[in-house]
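Engineer: Following is a predicted model, sequence given first.
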Protein chains: 4
Amino acid sequence: MIPEDRFVSEITFNVRYAETDMMGIVHHASYLVWFEEGRSAFIRQQGGSYARIEESGYFLAAGELSAKYIKAAIYDQEVTVRCWIDSSRSRTVTFACEVVDTATDDMLFSATIKLICLNTDAQITRVPAEWDVWLNA
Amino acid sequence: MIPEDRFVSEITFNVRYAETDMMGIVHHASYLVWFEEGRSAFIRQQGGSYARIEESGYFLAAGELSAKYIKAAIYDQEVTVRCWIDSSRSRTVTFACEVVDTATDDMLFSATIKLICLNTDAQITRVPAEWDVWLNA
Amino acid sequence: MIPEDRFVSEITFNVRYAETDMMGIVHHASYLVWFEEGRSAFIRQQGGSYARIEESGYFLAAGELSAKYIKAAIYDQEVTVRCWIDSSRSRTVTFACEVVDTATDDMLFSATIKLICLNTDAQITRVPAEWDVWLNA
Amino acid sequence: MIPEDRFVSEITFNVRYAETDMMGIVHHASYLVWFEEGRSAFIRQQGGSYARIEESGYFLAAGELSAKYIKAAIYDQEVTVRCWIDSSRSRTVTFACEVVDTATDDMLFSATIKLICLNTDAQITRVPAEWDVWLNA
């Protein structure tokens, strides 16, 4: 369920052929790539840039993932990835996403991922205060 | 924790360069591909073949996934994927896996995935009785 | 060099994080996926659909590929994939593409791929006459 | 054709499910990943390590690729990737590979890739003299 009290980013694209597998549907790992691109878009649509975050010496590494595959996406289908911040703590940020069919809004996939904030030495570190702008969007 | 009361498959390989990302470590979606190959190996090591399962008109599609990223794998590292059946019901099979560093046995990743049994019409269907051989291994 | 005597499709998107590798740039296999999506867009922008082509019993399988990596693409960069038909014969279609930086038009990658027309039995077959619409666009 | 006057590395593995696409065969970009892993194995089997090469400040980036898709590989098939050095110059190394069916030795794919030697500033640089050990193997 999309929250109404915070910013939700949205990107739309066609499913790529390479994202399918021999079952004739989208491979289950492809959705993680879409979710990740959804997070990139979330930060971009807030005026930030995950590329700049890494340049400034911070990294958001995958910690825990939970995902539901509801209805299979297929090649060439137009899909929309919506992404928002589920919660954040001093050292972690948890994003949520849902992937829907753009035309019908049918839910295809939903997931949350807890990301851990690391510094350039790969040590767990506090989320910088500057991120508040988009963390509380 | 690896169960002692059932069959646990094991495969070992080197991390591929393509499986890394610009963080310098393995991309979080690559582990799903390893887990999937772990399941293929599980069935293969039980004398079965997932390819033959699909030929016989059954498909195991991803339903729910839960994963923990414990320690990052890196390029060229030798890793071992262990895989076993966590549980099975009339229409679903849940696999578990852990990925460890082959040399030290350090835990890198653990996950479970609930797979849904489909027929050629993509309808949810009962797991065939013939699968008992490896389901209860 | 983009030909002026035929249709050239164009799609623009941001480079995904998953498309990078530990060299900090886009992995060389990712460009093939973009080229393929460029071909999908070519057919789509001509009013066709590669999905429908496969439904009608024809497949375009990779035969020969030739590619030049000119300048590395990086994460989040906006890139444009231009795609056109280089040549076609009775049983093959050769597509060409170039990938450029959207903002500067700097060339990043160029390639051609000869695709072989197969039927549902994976036999080489004649390109259907109906394809003339987009083959000669 | 495999040369008889130089070292040829060999690795064997089963095709992964994720490497297939909805055509029911291996996706054409997957072969590049295998070729790359073949190069990693080439260096490894010569007592070197591409990971250590990058640690020492050198990178081998894709420059030109040429590939032939001869016969489609399928899921679970055991394939063998053979890899050797086609030629080398002061600033480039060209690898060749072939992928065959392990059981029958049927040729599935062949390719060459010219890699460009870069330093940590991404400038083209001379191949270090220490590489002669495996370059002339």
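Structural biologist: Good, I have the coordinates.
Engineer: Now for residue A:89, how many residues are close by?
Structural biologist: Residues lying near residue A:89 (other C-beta atoms under 10 Å in any protein chain shown) number 11. C-beta coordinates here come from the backbone N, C-alpha and C atoms, glycine included.
Engineer: so how many other residues sit close to the nearest residue to it once chain neighbours are set aside?
Structural biologist: Excluding its sequence neighbours, the residue lying closest to residue A:89 (C-beta to C-beta, 6 or more residues apart in numbering or on different chains) is residue A:127, at 7.9 Å. Neighbour count of residue A:127, defined by other C-beta under 10 Å: 19.
Engineer: same check, this time on residue A:45
Structural biologist: Per other C-beta under 10 Å, the neighbour tally for residue A:45 reads 16.
Engineer: Make sure it is actually in contact with residue A:38.
Structural biologist: No. The pair residue A:45 / residue A:38 is not scored as a contact, 10.2 Å apart, by C-beta atoms under 8 Å.
Engineer: which residues do those two both contact?
Structural biologist: Jointly contacting residue A:45 and residue A:38 under the rule C-beta atoms under 8 Å, 6 or more residues apart in numbering or on different chains are residue A:9.
Engineer: surely the residue nearest to residue A:89 meets residue A:91?
Structural biologist: Yes. Distance between residue A:127 and residue A:91: 6.5 Å, which falls inside the contact criterion (C-beta under 8 Å).
Engineer: where do the contact lists of the two overlap?
Structural biologist: Joint contacts of residue A:127 and residue A:91 (C-beta under 8 Å, 6+ apart) are residue A:117.
Engineer: contacting residues around residue A:133?
Structural biologist: A:46, A:47, A:48.
Engineer: Let me know the secondary structure of it.
Structural biologist: Here residue A:133 takes the helix state, with states given by DSSP: H, G, I helix; E, B strand; the rest coil.
Engineer: returning to that earlier point: mind checking the SS state of the residue nearest to residue A:89?
Structural biologist: For residue A:127, the assignment made with three-state DSSP gives coil.
Engineer: related to what we said a few turns ago, give me the buried subset of the contacts of residue A:133.
Structural biologist: Using 16 or more other C-beta atoms under 10 Å in any protein chain shown as the burial test, the contacts of residue A:133 include residue A:48 as buried.
Engineer: Could you point out which of the contacts of residue A:133 is nearest to chain B?
Structural biologist: residue A:48 (17.5 Å; C-beta to the nearest C-beta).
Engineer: surely that closest one meets residue A:134?
Structural biologist: Yes. Counting by C-beta under 8 Å, residue A:48 touches residue A:134, with 5.2 Å between them.
Engineer: quick revisit: dump the contacts of residue A:133 to JSON lines, plus secondary structure and distance to chain D.
Structural biologist: Formatted as JSON lines, those follow (DSSP: H, G, I helix; E, B strand; the rest coil; distance: C-beta to the nearest C-beta, whole Å):
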{"residue": "A:46", "secondary structure": "coil", "distance to chain D": "30"}
{"residue": "A:47", "secondary structure": "coil", "distance to chain D": "29"}
{"residue": "A:48", "secondary structure": "coil", "distance to chain D": "26"}
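Engineer: Which residues of chain A lie near chain B?
Structural biologist: Residues of chain A lying close to chain B by C-beta under 8 Å from any C-beta of the partner chain are A:22-23, A:25, A:28-30, A:32-33, A:36, A:54, A:59, A:61-69, A:72, A:122.
Engineer: Show the average pLDDT along stretch A:29-44.
Structural biologist: Computed over stretch A:29-44, the mean pLDDT rounds to 98.
Engineer: and that stretch, how far out from the chain's middle?
Structural biologist: 4 Å (C-alpha atoms, centre = their mean, to the nearest Å).
Engineer: and what of stretch A:90-99?
Structural biologist: Centre-to-centre, stretch A:90-99 and its host chain are 7 Å apart (C-alpha atoms, centre = their mean).
Engineer: and that stretch, does that touch chain C?
Structural biologist: No. Judged by C-beta under 8 Å from any C-beta, stretch A:90-99 makes no contact with chain C; its nearest approach is 13.1 Å.
Engineer: pLDDT on that stretch, on average?
Structural biologist: Rounded mean pLDDT across stretch A:90-99 is 97.
Engineer: So residue A:115 versus residue A:59, what's the distance?
Structural biologist: Using C-beta to C-beta, to the nearest Å, we find residue A:115 at a distance of 9 Å from residue A:59.
Engineer: Any idea how many residues pack against residue A:55?
Structural biologist: The tally of other residues near residue A:55 (other C-beta under 10 Å) stands at 9.
Engineer: do residue A:93 as well
Structural biologist: Under the neighbour criterion other C-beta under 10 Å, residue A:93 is assigned a count of 21.
Engineer: Could you point out the helix or strand that follows the helix or strand hosting it?
Structural biologist: Per DSSP states H and E, residue A:93 falls inside strand A:92-101. Where DSSP H and E defines the elements, the next helix or strand beyond strand A:92-101 is strand A:107-118.
Engineer: Packing partners of that following strand?
Structural biologist: Under the contact criterion of 3 or more C-beta pairs under 8 Å, 6 or more residues apart in numbering or on different chains; DSSP states H and E, strand A:107-118 touches helix A:30-45, strand A:59-69, strand A:92-101.
Engineer: circling back to that earlier point, so which of residue A:115 and residue A:59 has more stuff around it?
Structural biologist: Neighbours per residue (other C-beta under 10 Å) separate residue A:115 from residue A:59, with residue A:115 holding more: 22 against 19.
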